[in-house]
Structure formats: structure tokens, C-alpha cells
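A.B. asks: model the following, please.
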Amino acid sequence: MSIDRMVMAFAGAMVGLSLVLYLVHSPYWLILTAFVGVNLFQAAFTGFCPLAIVLKKAGFKPGMAFK
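C.D. replies: Here you go, the predicted structure:
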């Protein structure tokens, strides 16, 4: 699996988790959803993604977006 797909999968998991925690625990968990969304948006334009950097250093193969 490429870094690009791993980043998208992780972002989707974080959004899903934050929505469940919002329903079960507190509406403040929507802040995590907003953070993930803003990070994905800025990564689309800048190419900077902290998770992609960590995954690259861990030895995962890069995709088309994060090289």
C-alpha cells in the first residue's frame, strides 16, 4: 500500500472515530474532524503532510502525491 492510500485511510478512520466519539461522548470531538479536514485541504496544495513524512521515514513506498 502506498503512502497516499495510507494517509487517506488514516484520515477516514480519524473522521469516523471522531464522529463516533462525538455521538457517544462530547461535541468537542468534532474539532478533530475539522483538523483532519483542514490538514487534507492544505496537503492538497502544499504537499506537506506530517503523517506522510513519518511513513516515508518508516520505509513505506511513496505514491503520486507524497514523494
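
A.B. asks: helices of the protein, start to end?
C.D. replies: Applying DSSP state H to the chain gives helices spanning 3-24, 30-46, 50-57.

A.B. asks: save those helices as JSON lines, and put in mean neighbour count and mean pLDDT too.
C.D. replies: Where you see a C-beta, it was placed from the backbone N, CA and C, and this is true even at glycine. Shown next, in JSON lines, are the helices of the chain (neighbours: other C-beta atoms under 10 Å; pLDDT from 0 to 100):
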{"stretch": "helix 3-24", "mean neighbour count": "15", "mean pLDDT": "95"}
{"stretch": "helix 30-46", "mean neighbour count": "13", "mean pLDDT": "94"}
{"stretch": "helix 50-57", "mean neighbour count": "14", "mean pLDDT": "92"}
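
A.B. asks: distance check, the residue nearest to residue 65 when sequence neighbours are not counted against residue 31.
C.D. replies: Leaving aside its sequence neighbours, residue 65 sits nearest to residue 4 (C-beta to C-beta, 6 or more residues apart in numbering; 4.7 Å). Here the criterion is C-beta to C-beta, to the nearest Å. By it, residue 4 lies 25 Å from residue 31.

A.B. asks: test my guess that the residue nearest to residue 65 contacts residue 61.
C.D. replies: No. Using C-beta atoms under 8 Å, residue 4 makes no contact with residue 61, being 9.8 Å away.

A.B. asks: circling back: nearest to residue 65, out of the helices of the chain?
C.D. replies: Minimum separation from residue 65 across the helices of the chain (C-beta to C-beta) falls at helix 3-24, 4.7 Å.

A.B. asks: for the chain, which residue is closest to the average position?
C.D. replies: Residue closest to the average C-alpha location in the chain (C-alpha atoms, centre = their mean): residue 11, at 3.2 Å.
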